[in-house]
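>>> here is a sequence with its predicted model. Questions after.
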Amino acid sequence: MNVIIRRKLKDMIVHLSDKLIRGSVAKVKQQSFGDDEVVGLRIFIFPGGQKTFYYCYTDNKTKKRHKEKLGNFPSINCVQARNRAKVIAVKVMEGVSASQIKREVKKEPTVNELFAEYEKQRLKSPQYKPATIKKWKTCQRVWIGKNTKDPIIKTMFAKSKIDVGSLKLSQVNMDNLKELHGLIGSKTTNNANSVIQMFSVVFGYAIEKKYISKNPVEFKKADFYEQKENNKYLTREQIERVLNYALKYDERSESPKLNLDYYKSKNLKPVSCAIICNALLGGHRYRDEGAKVRWKQVSFHQSTLSLDDSKVGQRTYKIGPRNLKFLKAIKSEYLRRDSPFWYPHDIRREYIFPSYNFGKINNIGKVNDKPYVNCIKATWRTILKRLNIDYLPPYNMRHSFLTDALSKTKNLKMVKEIAGHRKISTTERYARVLGEDVTDALELIDKQEVAAPKVIKFSK
């Protein structure tokens, strides 16, 4: 004779773990286990295979038993379930009624909804620059909304079961934020830090709107990934080799012009080469302060370049003799019908480095809406490979120019002005890159002159 022993829920208390739940199966009837760490947290296991976390509690006023669904396993794990249960437990202790708890849980926005609201209300210019808005939207879409075509990232999310975007605001805490930070950091540390900084800003907005009372983002400096600077740079000899290969003037012309036959023989894109040369001759950021620049921003008479919206705001830079000669050569190309710089009938005529692909459909089916060349990586990689120079990212062209400038002048203040840095500490990174040579020179400059003064005789 089979004897059925009925056990009370309070007797089935264990330390819930993902391993325990994964191995538990209900054969005939549902069964449940309570957690020994958070009183009221239970996992219900159903015969069909579904496993659901609930928080069970008694209403202080009505003395009725209630249970609030927290989520299905493994969509949420034990740690996440405990965190969600703790939030409700606090409300129960404060005397909030069961009906009020249900309403608050139902009405409370999710992380995805909060980010969407912030994007609509606050993520606009002039508070944010276009590049920042683009990066923000990409990070939100990929790492919070989990909307990506990247198979590697899809696999990462599938294995980890992390889905912070679907959580209610009160369910977000340092545990799930650190999980997300670690997941993103396994692929890109820069984006991992950026996403956490985005969370801090958005939850600050949530406090302002009184959605929550406390910002759950409590990351300290040590919690973030170290921002490693890429200090690689081209030497002076390598800079000259790249310039000699990427910049060829037509020696037959009295005024500076480009030798288009040379670029054709080397199978090089003249406009991309020109952007590279401009960066190495002027030291500006190759895209925002180079490829995007229009002719109206250049003054040949005053030898200046005016930038309305650079990384450090509005600035006017002096143009050096070599860079000025180069820009004059580019300007003359706008008069040659066979030149890749000649576009007299559309907006491209305003740009120094016009794009051949403007208005055309690219390989992913989108129309190219940039009238300037936006990417020069292929040409840059080709040139470095042909010159047997180890690859370094295109933005390091600026580092190369500024490092060389400091090596030659030993003058931090002057290089700071050339670079357009707000703080001298930013420029000092180039002194660290060069090492003892520049450091010793700077110390020598700071020493007081102790030699006897010379008497200068004036001729009658």
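Cool, got the structure.
>>> when you work out contacts or count neighbours from here on, use the C-alpha atoms and nothing else.
Fine.
>>> tell me where the model's unsure across the stretch 101-250 of the chain.
Along the stretch 101-250 of the chain, the parts satisfying pLDDT under 70 run over 103-106, 228-230.
>>> switch to 80 and redo it
For the stretch 101-250 of the chain, residues meeting the criterion pLDDT under 80 lie at 101-108, 126, 131, 170-171, 210, 212-213, 227-231.
>>> contact partners of stretch 316-329?
Stretch 316-329 is contacted from outside by 249, 255-258, 278, 281-282, 300, 303-307, 418, using C-alpha atoms under 8 Å, 6 or more residues apart in numbering.
>>> for this structure, which segments count as strands?
Applying DSSP state E to the chain gives strands spanning 13-14, 31-35, 41-45, 51-58, 65-73, 298-299, 304-310, 313-318.
>>> residue contacts, the closest residue to residue 109 other than its chain neighbours?
For residue 109, ignoring the flanking residues on the chain, the nearest one in space by C-alpha to C-alpha, 6 or more residues apart in numbering is residue 168 at 5.8 Å. Contacts for residue 168 (C-alpha under 8 Å, 6+ apart) come out as 105, 108, 109, 110, 111.
>>> quick check: the nearest residue to residue 98 once chain neighbours are set aside vs residue 400, distance?
Setting aside the residues directly before and after it, residue 98 is nearest to residue 59 in space (C-alpha to C-alpha, 6+ apart), at 6.0 Å. Counting by C-alpha to C-alpha, to the nearest Å, the separation of residue 59 from residue 400 is 68 Å.
>>> who's more crowded, these two?
Neighbours were tallied for residue 59 and for residue 400 using other C-alpha atoms under 10 Å; the higher tally belongs to residue 400 (22 against 17).
>>> hmm, that one is touching residue 231, no?
No: using C-alpha atoms under 8 Å, residue 400 makes no contact with residue 231, being 9.1 Å away.
>>> now the residue nearest the centre of the chain: how far from residue 21?
Centroid-nearest residue in the chain: residue 191, 4.9 Å away (criterion: C-alpha atoms, centre = their mean). In this view, residue 191 and residue 21 are 33 Å apart by C-alpha to C-alpha.
>>> tell me where the stretch 201-350 of the chain has helices.
Counting by DSSP state H, counting those that start in this stretch, the stretch 201-350 of the chain has helices at residues 236-246, 260-265, 270-282, 321-333.
>>> quick one: closest of these to residue 117.
helix 270-282 (38.9 Å; C-alpha to C-alpha).
>>> give me the contacts around that closest one.
The contact list for helix 270-282 (C-alpha under 8 Å, 6+ apart) reads 239, 243, 246-247, 260, 263, 285-286, 290-291, 319-320, 322-323, 326, 340-341, 353-355, 373, 375-376, 379-380, 397-398, 400-401.
>>> show the contacting residues for residue 366.
By C-alpha under 8 Å, 6+ apart, residue 366 has no neighbours at all.
>>> related to what we said a few turns ago, for the residue nearest to residue 98, what are its contacts?
65, 66, 92, 97, 98.
>>> pull out the buried members of these.
By neighbour count, with 16 or more other C-alpha atoms under 10 Å, these hold 92, 97, 98 as buried.
>>> the last one reaches residue 64, doesn't it?
No: using C-alpha under 8 Å, residue 98 and residue 64 do not qualify as a contacting pair, with a distance of 9.0 Å.
>>> that older thread, pLDDT wise, what is the residue nearest to residue 98 at?
Note on residue 59: pLDDT of 82.
>>> switch to numbering from 71
OK, 71 is where the count begins now, so the last one is residue 129.
>>> tell me how far it lies from residue 231.
Counting by C-alpha to C-alpha, the gap from residue 129 to residue 231 is 33 Å.
>>> next: residue 388.
Applying C-alpha to C-alpha to residue 388 and residue 231 gives a distance of 54 Å.
>>> swap in residue 283?
Distance, residue 283 to residue 231, by C-alpha to C-alpha: 28 Å.
>>> next: residue 286.
21 Å.
>>> the more surrounded of the two?
More crowded of residue 286 and residue 231, by other C-alpha under 10 Å: residue 286, with 19 against 14.
>>> enumerate every residue touching the more buried one.
So residue 286 contacts 242, 243, 244, 270, 273 (C-alpha under 8 Å, 6+ apart).
>>> present those residues as a markdown table; the columns should include distance to residue 459 and neighbour count.
Formatted as a markdown table, the contacts of residue 286 follow (distance: C-alpha to C-alpha, whole Å; neighbours: other C-alpha atoms under 10 Å):
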| residue | distance to residue 459 | neighbour count |
| --- | --- | --- |
| 242 | 48 | 21 |
| 243 | 47 | 17 |
| 244 | 45 | 14 |
| 270 | 42 | 17 |
| 273 | 46 | 23 |
